[in-house]
Structure formats: structure tokens, C-alpha cells
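In: Next come a sequence and a model predicted from it.
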Amino acid sequence: MQKFRVWELAKQYNKTDKDIISTLKSHNVEVKSHLSVVDEKTKQLLDRVYADKQTTRSAETKTTSTKPTAAKSSATKPTEKQPRRRRPARTVRFDQQSGKPQEEFLVDGKGRKLETKPKAQPRPQKVAAKPAAKPAHPKQATAKQAEPAKKHENGGNAQQKHAESDANALRRTPKKAQPTARPTGKPMADEGQRSSRPVEKRTHKPAQRTQPSIRNMADHNAPAKQEEASGNERGGRKGNRNQRRNQRGRNQNKNDRRGKERGTSLLAQSIKKSRTKGKNKNEHARANAEAVTEVAMPPSVTVKEIAELFKKEVGDVIKRLMLLGIMATINQEVDRDAVELLAEEYGITLLEMEPEEDGTEIPEIEDAPEDLLPRPPVVTIMGHVDHGKTSLLDTIRKTHVTAREAGGITQHIGAYQIRYQGKKVVFLDTPGHEAFTAMRARGAQVTDIAVLVVAADDGVMPQTLEAIDHAKAAKVPIIVAINKMDKPAANPDLVKQQLAEHGLLPEDWGGDTIMVPVSAKKHQGIEDLLENILLVADVLELKANPNRNAIGVVVEGELDKGRGPVVTVLIQNGTLRTGDGIVSGTAFGRVRAMNNERGDLIKKAEPSTPVEVLGLSDVPTAGELLYAMDERDARSIAEKRIAKQKYEEQNRSQKVTLDDLFNQIKEGELKSLNIVIKADVQGSVEALRQSFEGIKNPEVRIDVVHAGVGAISESDIMLASAANALIIGFNVRPDANIRKIAEQEQVDMRTYRVIYDAIDDIKQAMQGMLAPKFREVVLGRAEVRQVIPTPKVIVAGSYVTEGKITNNAELRLIRDGIVIHEGNVASLRRFKDDVKEVAEGYECGISIESYRDVKEGDVLEAFTQEEIEQTID
Ligand SMILES: Nc1nc2c(ncn2[C@@H]2O[C@H](COP(=O)(O)OP(=O)(O)OP(=O)(O)O)[C@@H](O)[C@H]2O)c(=O)[nH]1
């Protein structure tokens with residue numbers, strides 16, 4: 001079902017956001033703000049409401065123009081009798097076909113048209129279009145009523161009455177002379193021209209867009225100017241005559257004022273002003289004309305900027321914010337919700353500003369079909385640990401990657417190009433599937449074909465299934481390489497059967513998955529595999545345009561001491577050349593040098609070529625796209641991205657962390673350190689509380705905001721977040737959910753098993769001495785489902801619920817959120833085999849070194865210690 005935002009509807013119906021919201025509310029449809037979303041049904045309701053209203057109004061307007069005297073009352077207050085005072089009635093003429101307001105004018109007591117102006121600004125007219133309608137909310141009334149007043153400050157009692165409704169705000173706000181309310185300094189006359197072409201708004205230069213435009217009537221001449229503009233547009237001598245008359249009138253007023261002022265001293269004038277201040281109703285009316293009623297807000301504003309835009313005193317803004325429960329200082333940024341509340345308080349309508357052009361996005365250029373040329377396929381090798389991915393690739397490349405790798409395990413993603421039967425094929429060697437997924441998450445689909453390596457003697461294993469899921473999710477065709485066929489235990493039929501059970505039916509069984517038996521070790525079946533890869537690639541008809549600026553995907557990157565950032569990029573489209581300007585994420589630069597996978601210097605890299613690129617300012621993340629472009633543009637985009645990143649980081653509220661505690665104390669940001677204590681037993685809670693409260697520091701005081709027994713809960717985090725506190729857990733462990741919430745709330749949660757460690761950390765952090773050399777990294781968790789006693793050890797038959805368990809990790813045994821024991825993994829097994837790791841969603845047998853007290857329902861948490869770089873201030 002289609003969804004609509006309130007502001008979109010407002011635009012569509014030519015209404016203000018508030019109109020739409022109040023109309024919806026009056027029909028029992030709950031909407032909160034202009035950003036709220038409504039469904040089609042609600043839109044249909046609005047269609048009906050506004051269709052009805054407009055039909056009625058069109059009819060009324062028609063009557064007004066034909067029978068002026070009768071129309072006068074119906075246009076202003078249809079239900080009332082003839083109004084006592086003959087005030088000008090505002091009416092709007094609608095276009096019969098579009099139903100949109102075409103012309104707005106005043107009619108005098110006799111129904112004569114006083115002035116006419118073309119529909120210039122959609123919003124003010126909307127208000128004018130229903131003068132008699134009673135606003136649903138008094139605050140809305142202020143905004144709407146102020147509208148006619150500001151336009152026709154000399155318009156008589158009606159305006160004066162409207163002005164009174166806003167008098168409260170004005171009494172608080174000392175009146176200032178406002179030479180012009182437009183920060184751009186553009187005369188109001190422009191408004192009519194601009195708004196008569198609303199489409200142009202989209203084509204505004206960003207610089208113009210960033211200027212907050214205030215639809216403020218503080219410019220006393222503005223209405224006159226507007227009329228002038230409309231007069232000009234209508235053309236004709238009458239318009240010019242009016243213009244001249246208006247001008248003469250204004251000059252006369254000016255002269256009168258000057259004359260009066262000349263006759264009195266400045267002091268006398270100011271005394272006179274202060275005496276009359278707040279008493280004279282006409283004064284209020286004029287002041288009201290200065291009040292801002294509509295403001296286009298930039299996306300981020302400080303209190304000071306709000307005060308300027310709203311034409312209010314900073315103090316008043318701060319006070320009102322305080323009353324709304326928001327504490328903000330003059331230079332503090334205020335979020336959109338708060339600005340909306342404040343605007344409502346002041347009776348100001350917030351206008352939607354055109355979203356600024358991002359400047360950090362690079363538009364996609366589509367290639368014409370005739371520019372596309374065939375390109376080599378990019379193949380990813382995937383599979384379970386030790387099934388022979390590296391060996392297979394190694395055999396294909398006829399080099400020896402395995403020998404060079406630490407511990408024989410693939411450590412990095414590599415990208416290599418080979419040539420077979422005169423055709424090129426690119427191989428990516430992935431260590432797992434995270435990188436593959438991470439790249440896709442960034443929108444970079446790097447792989448054309450996935451080769452799934454399954455050891456013929458081991459069969460389908462957890463990561464085999466994971467690989468299938470990843471390839472399927474990426475809609476990449478899979479070719480299965482049944483490896484280790486040379487082994488006596490090889491059972492390809494069993495592998496095929498297992499794969500068939502997971503949706504991959506072999507071709508020879510009537511399915512469509514190519515399965516090739518190979519032996520990486522004995523170099524058997526490799527040609528067959530390559531032929532099949534080329535066959536699939538032919539079917540895929542892979543093409544790219546080499547004659548354009550290059551786009552590539554960062555496969556991996558590192559900071560080389562001598563060469564700076566070295567980035568492996570797979571070119572996807574276009575040709576990258578030495579000297580090209582490049583940008584990738586927030587890194588930018590110029591291609592200083594390029595090497596192919598053999599380390600040879602190359603001058604250009606065409607589509608599907610993996611290259612090592614030197615010359616970027618920084619190391620981008622794997623999966624980031626790299627674009628070739630003019631170097632200055634690249635720098636500019638990167639700088640904008642950096643600024644955007646900084647802004648987003650700054651916008652995250654700064655919470656207290658132990659690592660940053662000293663800096664915060666030093667900068668005077670922290671006067672008291674709030675702590676939430678959670679421990680396994682009451683004795684520990686008290687011991688910690690007393691110890692913490694005993695820590696003396698001249699600049700900061702420790703405040704234990706909460707202390708309790710038991711596991712760290714969500715409410716503890718919420719409390720810590722609200723109180724800007726640290727959580728100190730003693731012999732307790734937060735579960736995955738709690739950790740996630742803490743991360744979201746940016747609450748620093750520290751757990752200890754030795755009280756002195758906790759006290760020491762706090763003391764040292766306060767003195768800026770905290771030097772944690774290691775940080776714990778949780779690898780995963782498993783739930784004990786069955787306890788199997790053996791003579792030597794207790795095996796915990798477990799199910800990995802999160803992350804992974806590895807055989808070299810440390811283990812923590814947790815019972816009901818309390819840490820019972822910490823120790824090393826003695827053995828990790830799947831079925832009867834020792835394994836290096838077990839991934840989430842799989843069962844395994846875990847035994848803990850020299851420990852037997854394991855119970856069903858216990859949680860085993862695997863973790864390692866990660867070294868932290870120490871910094872010296
Ligand atoms: N007999 C036999 N052994 C093989 C074959 N292919 C690989 N191996 C062996 O299997 C072990 C694992 O091979 P790797 O190529 O490192 O496996 P991998 O899948 O890349 O492993 P990771 O990089 O750890 O994910 C090595 O000892 C290889 O010698 C094969 O075709 N036959």
C-alpha cells in the first residue's frame with residue numbers, strides 16, 4: 001500500500017502541515033508531525049475533505065464575484081449575520097479545473113474588490129483561503145491569525161484583533177527595527193516571481209538553499225512591494241499608477257515621521273517610546289506585523305540561530321526550551337523535535353526546506369549498450385574451513401599461496417587474475433563470508449560466480465551451508481568443486497546427496513548445479529572446473545564499458561610503512577589509469593602507481609582487473625567503492641564526507657567512558673562520576689560501593705547512582721544512560737541483548753572478577769593513568785544443553801547461540817547471569833572430530849580445562865584479549 005508523508009500531502013493539497021494534521025485529527029486520524037506517514041485510505045479521506053471544501057468555496061467565491069454584497073458575509077462568516085463592522089473580507093478565487101487558489105483579494109463593505117494579487121506564496125494563501133475557519137488549536141490560531149495582520153498592517157480592526165492574539169509574545173519581546181528579514185537581502189518583490197515558478201525551487205543552487213529564508217513580514221514595505229510586484233505582473237497603466245501612489249504615500253509618511261522626530265530630543269523620544277510601549281494597541285498591531293509566522297528551518301540550528309530566525313530574545317528561547325524540559329545553552333544545537341515544539345509555542349509555522357544536495361553521493365552513469373564490451377568473470381571461492389579453498393586457487397594459479405600464509409590459514413582476501421584458453425578469469429579468495437557479505441551490505445556486488453569447495457571426505461559442513469546461503473542471497477550462480485577426490489575416504493555421491501538436500505541438485509541427477517570432482521593436491525579436474533567457469537560466464541554475458549572513468553570495489557587495504565595506504569581494488573567498470581584522481585569513502589588522492597597481482601607495475605587497469613593502488617590519503621574499508629574522477633572533485637567529495645561523518649559523530653551525545661574519564665575531568669566537563677554497581681552478592685556490592693565512595697579526587701566526586709545484586713539488566717543500562725553513568729559489574733555478565741542495548745545507549749559497561757581491579761581502574765582513570773593493555777573481545781556464546789561426564793573431563797553438549805566458539809579462546813561459565821568460572825577450552829568437538837571453531841547455530845561438545853561443575857542451562861562465553869594501543873597525551 002502506498003504511504004504518504006504529511007508534508008507531501010500538504011504540498012499536494014496546497015495546505016500547511018498543520019492544516020493537514022488538524023484535519024486528520026478532526027477525523028480521528030492520529031498524526032504527530034509533518035513527517036508522519038499515512039496510508040492510502042487516509043489520503044482518500046483527505047481527497048474527500050478537501051474536494052468538499054473546495055467545491056463549497058469555489059461556489060462561494062463565484063457568488064462573491066457576481067453578487068458582491070451578498071458574498072461579503074458568506075465569504076467571511078457564512079453562519080453569522082451581517083457583521084457589524086464593515087471590514088474588508090479576504091477571499092480567494094479558485095481555478096475551476098484544478099481547484100487551486102488562483103487569485104486572492106479583499107472586498108470592502110460593499111463587496112468591491114480592494115486589491116488583487118496573484119497566488120504568490122502557497123502557504124500564506126492557504127491561510128487566507130479559509131479566514132472563517134476556526135483553528136483546532138489555539139496555538140495554531142496564533143500562526144494563522146498573524147498572517148492577515150502582517151500582510152495588511154494598515155488594514156484596520158480585523159488586523160488589530162488578530163494582532164492582539166499574539167500580543168503575549170510581543171510583550172515579552174522588545175521590538176527591534178527590522179530593516180529586512182531576509183538574510184539573503186533579496187527584496188520581497190522577488191518572492192512573487194520566484195514562487196510563481198515553484199518548480200524552480202528544485203534547481204536552486206545549494207548556496208541559496210543553505211540560507212534560511214524567513215517568510216517574515218518584518219519588512220514594513222514588504223506587502224507594498226509584493227503588491228508592486230503583482231501590479232507589475234498584471235502590467236498596465238493602472239498598476240503603475242498605483243505604484244506611484246503607494247510610493248508617494250510612503251515617502252509622505254517617512255517625511256512626517258522625520259519631521260516629528262526632528263522636533264524632539266532623543267531622550268524625550270525614548271521616554272515617550274517606553275511610556276507608550278505595551279499600551280498602544282496600534283503599536284501591538286505594528287509589532288505583530290513584525291512577528292515571524294513562517295520560518296524555513298535549516299536541518300541543524302543552535303539556540304542563537306533559532307532566536308534570530310524567530311525574531312525572539314535568546315533568553316526567551318532558552319526559557320521556553322526549559323519549560324519544555326530541554327536544557328540548552330546559547331550555542332547548543334537543538335534537535336528538530338524541540339524546534340517544532342518551540343515553533344508551536346510561538347505560533348510559528350515551520351516550512352520544509354528543500355533538502356540540501358548531499359554532495360557526498362556520486363551519481364551513477366549508465367552506459368549505452370553499444371559502449372559495453374565483454375569482461376572477464378569474477379569468481380569467489382567459498383567453503384568450509386580446510387576443505388581446500390586456498391589449495392585449489394593455488395593449483396589454479398600454479399603458485400604457492402598456502403606456504404606463505406601464517407599457519408596455513410587464509411588471512412586476507414586476495415584477488416588474482418588468471419588466463420585460461422586465452423580468456424581471463426578473476427579469482428577472489430575469501431577467508432570467510434563476512435567480507436563477502438560486508439561488501440554486499442555496502443552495495444558492492446563483486447562476484448559473478450561462486451565456486452563452492454566441498455571436501456569429498458568431509459561432506460557438507462556448517463560453513464558450506466553458510467556459503468550456499470550467501471551465494472543464493474547474492475543471486476550468484478554456484479559451481480561446486482568436490483575436492484580431495486584423491487583421498488581414499490572420498491565419497492562424492494554422499495556430498496552430492498547432502499547438497500541436494502540443501503537445494504543444489506547436480507546436473508547428472510537432473511538438476512542444474514554443475515559439480516566438478518577435483519583434487520587440488522593432485523591437480524586433477526582443474527581444467528574441467530575452469531571450462532565450466534568460462535561456460536557459465538558466457539551464459540552470463542558479462543559486459544562493461546572500458547572507455548569511461550573507473551569504478552572499482554576495495555577488496556582489501558593496508559597501511560604500508562613505506563608506501564602509505566595500499567589498496568587492492570577490483571575494477572568493475574571503466575579503466576583506471578596512473579595519474580587518475582580517485583575517491584573511496586573518505587579517502588582521496590591520485591593513482592601514484594598500480595601493480596597487478598604479480599607485483600608488476602601497470603599503467604592501466606580495465607574492467608575485472610584486480611590492482612594494487614597507491615596514492616590514496618587513507619585506507620578505505622573493504623567493500624567501499626572507488627571512483628576515478630578529477631582530483632579536485634575527489635578531494636571535495638572526500639572532504640564533504642569527512643565533514644558529514646564528523647557532524648554525525650558530534651551529534652551522538654557524549655557519554656562518560658572510563659577511557660576518556662580523565663580528559664572529561666580535565667576539561668571540566670565532569671564534576672561527578674556516576675556509577676551503577678551490579679554484583680553477584682550483596683557483600684560485593686557494599687564492598688564496591690564503599691571503596692568507590694572512598695576514592696578522593698579534588699576535581700570530581702564519585703556518586704553511586706544505583707547498586708544492586710544480580711545480572712546487569714536493561715533498566716540498569718537505561719538508568720546509566722540517563723544519569724550518564726558507568727556500569728561496573730562484579731562477577732556478573734551481560735548477555736548479548738544487554739550488550740547491544742549498552743552499545744546503542746553508549747553506556748560504558750565494565751566487568752570485573754577482582755574488586756581491586758575495579759577500584760584500581762577507576763582510580764587510574766581519574767588520574768589519567770588508565771592504561772589498559774588488553775581489551776576483552778567476546779567471540780561468542782553457547783548454551784549447555786546436555787552434560788556428558790567422561791572419566792577425564794566433563795563435556796558440555798552445547799549449542800552456539802551467538803558468534804562462534806574457538807578452540808583457542810578463553811571460556812567463562814555463566815549461570816543466571818553470574819560468572820561461576822573462567823578457564824581455557826580443553827577441547828572443542830563436533831561429533832567425534834576436534835575442530836578449530838564452531839559457528840552460530842551449530843552444536844558442539846565443549847570441555848573446560850580442569851573444571852567439572854557444568855550444568856544444563858549454563859552459558860559458555862568464549863572471549864579473547866585484544867591488545868590496545870597505548871596513547872600518551
Ligand atoms: N589430499 C588432499 N588434501 C588436500 C587437497 N586440497 C587441500 N588439501 C589439504 O587440506 C588442507 C587445507 O587446505 P587449504 O587449502 O588450506 O584449505 P582452506 O579451505 O583454504 O582453509 P582455510 O584457509 O583455513 O579456510 C591442507 O593441508 C591441504 O594440503 C586435496 O585435493 N587432496
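Out: Okay, I see it.
In: From here on, just use CA atoms for contacts and neighbour counts.
Out: OK.
In: next one: phi and psi at residue 525?
Out: Torsion angles at residue 525 (phi, psi; degrees, to the nearest 10) stand at phi 80, psi 0.
In: Might one say that it is in contact with residue 532?
Out: No - contact between residue 525 and residue 532 fails when scored by C-alpha atoms under 8 Å: they sit 10.8 Å apart.
In: who touches the spatially closest residue to residue 716 that is not a sequence neighbour in this structure?
Out: Using C-alpha to C-alpha, 6 or more residues apart in numbering and skipping the chain neighbours, the partner closest in space to residue 716 is residue 676 (7.3 Å). Applying C-alpha atoms under 8 Å, 6 or more residues apart in numbering, we find residue 676 in contact with 704-707, 716, 720, 725-728.
In: Could you count how many residues lie near residue 51?
Out: Residues near residue 51, counting by other C-alpha atoms under 10 Å, number 14.
In: Check residue 723 too.
Out: 16.
In: List the strands paired with the biggest strand by length in the chain, with their directions.
Out: Criterion DSSP state E: the longest strand present in the chain is strand 774-789. Using DSSP bridges, strand 774-789 pairs in its sheet with strand 794-806 (antiparallel), strand 859-867 (antiparallel).
In: least reliable of those strands going by mean pLDDT?
Out: When the strands paired with strand 774-789 are ranked by mean pLDDT, strand 859-867 comes last with a mean of 85.
In: quick revisit: any idea how far residue 753 is from the residue nearest to residue 716?
Out: As for residue 676, its distance to residue 753 is 16 Å (criterion: C-alpha to C-alpha, to the nearest Å).
In: Now the longest strand of the chain: average pLDDT?
Out: Throughout strand 774-789, pLDDT has a mean value of 87.
In: so residue 839 bridges to which residues?
Out: Taking DSSP bridges as the rule, residue 839 bridges to residue 804.
In: Would you mind confirming that it makes contact with residue 805?
Out: Yes - using C-alpha under 8 Å, residue 839 is in contact with residue 805, at 6.7 Å.
In: I'd like to know which helix or strand in this structure has the lowest mean pLDDT.
Out: helix 206-210 (a mean of 32; mean pLDDT, DSSP states H and E).
In: residues touching the residue of the stretch 651-800 of the chain found nearest the ligand, list them.
Out: Residue nearest to the ligand within the stretch 651-800 of the chain: residue 779 (17.9 Å; C-alpha to the nearest ligand atom). Contacts for residue 779 (C-alpha under 8 Å, 6+ apart) come out as 803-806, 861-864.
In: hmm, try it at 10 Å
Out: Contacts for residue 779 (C-alpha atoms under 10 Å, 6 or more residues apart in numbering) come out as 802-806, 809-811, 861-864.
In: can you give me the strands in the stretch 301-450 of the chain?
Out: Ranges of strands in the stretch 301-450 of the chain, per DSSP state E, counting those that start in this stretch, are 301-302, 333-334, 349-351, 373-374, 378-383, 414-420, 423-429, 449-455.
In: What strands line up against the first one, and which way round?
Out: Next to strand 301-302 in the sheet, as set by DSSP bridges, lie strand 333-334 (antiparallel).
In: Give me the below-cutoff pLDDT ranges for the stretch 551-700 of the chain.
Out: 648-656, 659, 661-662, 664-670 (pLDDT under 70).
In: Ok, the stretch 1-150 of the chain next?
Out: Checking the stretch 1-150 of the chain against pLDDT under 70 turns up 1, 35, 52-150.
In: Ok, the stretch 401-550 of the chain next?
Out: If you take pLDDT under 70 as the line, the stretch 401-550 of the chain has these spans: 401-414, 429-444, 473.
In: 90 - rerun?
Out: For the stretch 401-550 of the chain, the stretches flagged by pLDDT under 90 are 401-447, 450, 461-476, 502-503, 508.
In: If you drop the residues flanking it in sequence, what lies closest to the closest residue to the ligand within the stretch 701-850 of the chain?
Out: For the stretch 701-850 of the chain, the residue closest to the ligand is residue 836, as judged by C-alpha to the nearest ligand atom, at 9.6 Å. Using C-alpha to C-alpha, 6+ apart and skipping the chain neighbours, the partner closest in space to residue 836 is residue 807 (5.3 Å).
In: just residue 843 next, same as before
Out: In this structure, residue 843 finds its nearest non-sequential neighbour in residue 799, 4.3 Å apart by C-alpha to C-alpha, 6+ apart.
In: ok so, going back, which parts of the longest strand of the chain are buried?
Out: By neighbour count on 16 or more other C-alpha atoms under 10 Å, the buried set for strand 774-789 is 778-787.
In: likewise stretch 600-619?
Out: 604-619.
In: Looking at those, spot the one nearest residue 364.
Out: Nearest to residue 364 among the buried residues of stretch 600-619 is residue 607, at 16.4 Å by C-alpha to C-alpha.
In: so residue 34 touches residue 5, yeah?
Out: Yes - between residue 34 and residue 5 there is a contact at 6.9 Å, judged by C-alpha atoms under 10 Å.
In: who has more neighbours, the two?
Out: The neighbour count for residue 34 versus residue 5, taken as other C-alpha under 10 Å, is higher for residue 34 (21 against 17).
In: The more buried one and the ligand, how far apart?
Out: 52 Å (C-alpha to the nearest ligand atom, to the nearest Å).
In: any idea how far residue 43 is from that residue?
Out: Using C-alpha to C-alpha, we find residue 34 at a distance of 14 Å from residue 43.
In: measure residue 6 to the ligand for me?
Out: 53 Å.
In: circling back: can you say which of the contacts of residue 779 are buried?
Out: By neighbour count, with 16+ other C-alpha under 10 Å, the contacts of residue 779 hold 802-806, 809-811, 861-864 as buried.
In: Among these, which one lies nearest to residue 766?
Out: residue 864 (26.6 Å).
In: Let me see the ranges of the helices in the stretch 651-800 of the chain.
Out: Per DSSP state H, counting those that start in this stretch, the stretch 651-800 of the chain carries helices over the ranges 661-666, 682-694, 714-723, 736-745, 755-766.
In: ok and the longest one relative to helix 755-766, angle-wise?
Out: Orientation of helix 682-694 against helix 755-766 (axes from the mean of the first three to the mean of the last three C-alpha atoms, to 10 degrees) gives an angle of 20 degrees.
In: May I see the buried residues of helix 682-694?
Out: 684-686, 688-689, 692.
In: Check which helices and strands it sits against.
Out: In terms of contacts (3 or more C-alpha pairs under 10 Å, 6 or more residues apart in numbering; DSSP states H and E), helix 682-694 is packed against strand 672-679, strand 701-709, strand 725-730, helix 755-766.
In: Go again with 7 Å.
Out: Applying 3 or more C-alpha pairs under 7 Å, 6 or more residues apart in numbering; DSSP states H and E, we find helix 682-694 packed against strand 672-679, strand 701-709, helix 755-766.
In: Of those, give the one that comes closest to residue 748.
Out: strand 672-679 (10.2 Å).
In: Walk me through which strands the closest one pairs with, and which way each runs.
Out: strand 701-709 (parallel), strand 725-730 (parallel).
In: any idea which of these is most buried?
Out: Ranked by mean neighbour count, these are led by strand 725-730 with a mean of 27 (mean count of other C-alpha atoms under 10 Å).
In: what about residue 543, how many residues close to it?
Out: 18.
In: What score does residue 201 have for pLDDT?
Out: pLDDT at residue 201 comes out at 34.
In: quick one: contacts of whichever strand or helix holds residue 23?
Out: Here residue 23 sits within helix 17-26, counting by DSSP states H and E. When contacts are defined by C-alpha atoms under 7 Å, 6 or more residues apart in numbering, helix 17-26 is touched by residues 6-7, 10, 30-31, 34, 136.
In: and what of stretch 797-810?
Out: Here stretch 797-810 has contacts from 779-788, 823-825, 827-828, 836-846, 862-864, using C-alpha under 7 Å, 6+ apart.
In: at 8 Å what do you get?
Out: 736, 779-788, 822-828, 835-846, 861-864.
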